[in-house]
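Q: Any chance you can model this:
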Amino acid sequence: MSVTVLIQGRNGVTRWQPGKRWLILPMMLLVAGAGVVCYSVDKFSNQQTRVDNERQARKAQQQQVEDLKHATESQLATLAAHVARMQAEITRLEAMGQQVAQTYNLEDQFDFSARAGVGGVSDLGQSIELDQLIQDMDAMMQRMDYAKVQIPLLETVASNLHIDQERYISGRPIGKGWLSSPYGLRNDPFNGRRTMHKGIDFAGSEGAEVLATAGGVVTWAGSMFGYGNLVEIDHGNGLKTRYGHNKNIDVSVGDVVAKGVKIASMGSTGRSTGPHVHYEVLRGGQQIDPSKYVYRKANN
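A: Numbers count the residues shown, from 1 in each chain. Alright, predicted model coming up:
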């Protein structure tokens, strides 16, 4: 390829054909210009891509924030519902405690009514105030702490009252029958000698029920010389009762029995002339007259 250049001079037009080396510089300038243009286009494209990526990242972050906000509101609503249910349960518990306190005439020592009705949580359909929810939870925790102290104490007092009533010895050890021999000196039915009878005998039909005259723990349930088949119950405070000459025994050592339950069947085992119950009351291990226990009124 050859290039002819026309040059206007004083002497006319002169034709000049440059060699190939003269074409190198313009071509280099052309290529360099094209490179600059391409670099500018690529740089702009990269910047636009980064802008788009940042815009999408911000949009994703905004969505995450919105999702977190909705999730937090949902969790707060669920928490508020749990708090409301717990408050209702505590109120019910306090009402039950108050009722028990009234039953045992202990309102002065155990006042649950002053702790009830501390307020409620916000309506779930409205925006839930976190500060208010925290205040409600703090108040509820105070009520729970108060109930934790009061209710076990109330239970202990009520149980002790119940135990005292159960341990109160009163009444006869039989459902049907009659007194056949009192406490004190009498003629022995076997040898006729004057001897001390350290209990009360209640006669009746063989197999009749023998009843515990007070609640306690069985400390003997088996044969004992002279008594035949014997049941002994410890009622605490140094008091015990004995039920002798039974046909059958329905309890075992270590059993906890309540007042009025059947512990044996009437019989004539041991040193006996017929079906009856030999009933004794012991204080500090010594037999005492059971009469005041048999005939005193029940502790209601």
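Q: drop to CA atoms for contacts and neighbour counts, all remaining ones
A: Fine.
Q: Give the burial count for residue 76, as a bare number.
A: 18 (other Cα atoms under 10 Å).
Q: mind saving the C-alpha coords of the biggest strand by length in the chain as PDB?
A: As assigned by DSSP state E, the longest strand anywhere in the chain is strand 239-249. In PDB, the C-alpha atoms belonging to strand 239-249 read as follows (Å, rounded to 0.1, in the frame of the first residue of the first chain):
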ATOM      1  CA  LEU A 239     -49.000 -41.000 123.000                       C
ATOM      2  CA  LYS A 240     -49.700 -44.500 121.700                       C
ATOM      3  CA  THR A 241     -52.800 -46.700 121.500                       C
ATOM      4  CA  ARG A 242     -53.000 -50.500 121.600                       C
ATOM      5  CA  TYR A 243     -55.700 -52.900 120.200                       C
ATOM      6  CA  GLY A 244     -55.400 -56.500 121.500                       C
ATOM      7  CA  HIS A 245     -56.900 -59.900 120.900                       C
ATOM      8  CA  ASN A 246     -57.600 -59.400 117.200                       C
ATOM      9  CA  LYS A 247     -58.700 -62.200 114.900                       C
ATOM     10  CA  ASN A 248     -56.900 -60.600 111.900                       C
ATOM     11  CA  ILE A 249     -54.600 -57.600 111.400                       C
END
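Q: Not counting the next helix or strand after it itself, show me its contacts.
A: For strand 239-249, the succeeding helix or strand toward the C-terminus, using DSSP states H and E, is strand 256-257. Contact with strand 256-257 is made by 212, 215-218, as judged by Cα atoms under 8 Å, 6 or more residues apart in numbering.
Q: on contacts alone, who are the packing partners of the following helix or strand past strand 256-257?
A: Following strand 256-257 in sequence order, the next helix or strand is strand 262-266 (DSSP H and E). The elements that strand 262-266 packs onto, with contact taken as 3 or more Cα pairs under 8 Å, 6 or more residues apart in numbering; DSSP states H and E, are strand 209-211, strand 239-249.
Q: after the first one, next one along is what?
A: So that's strand 209-211. Trace forward from strand 209-211 with DSSP H and E and the next one is strand 216-224.
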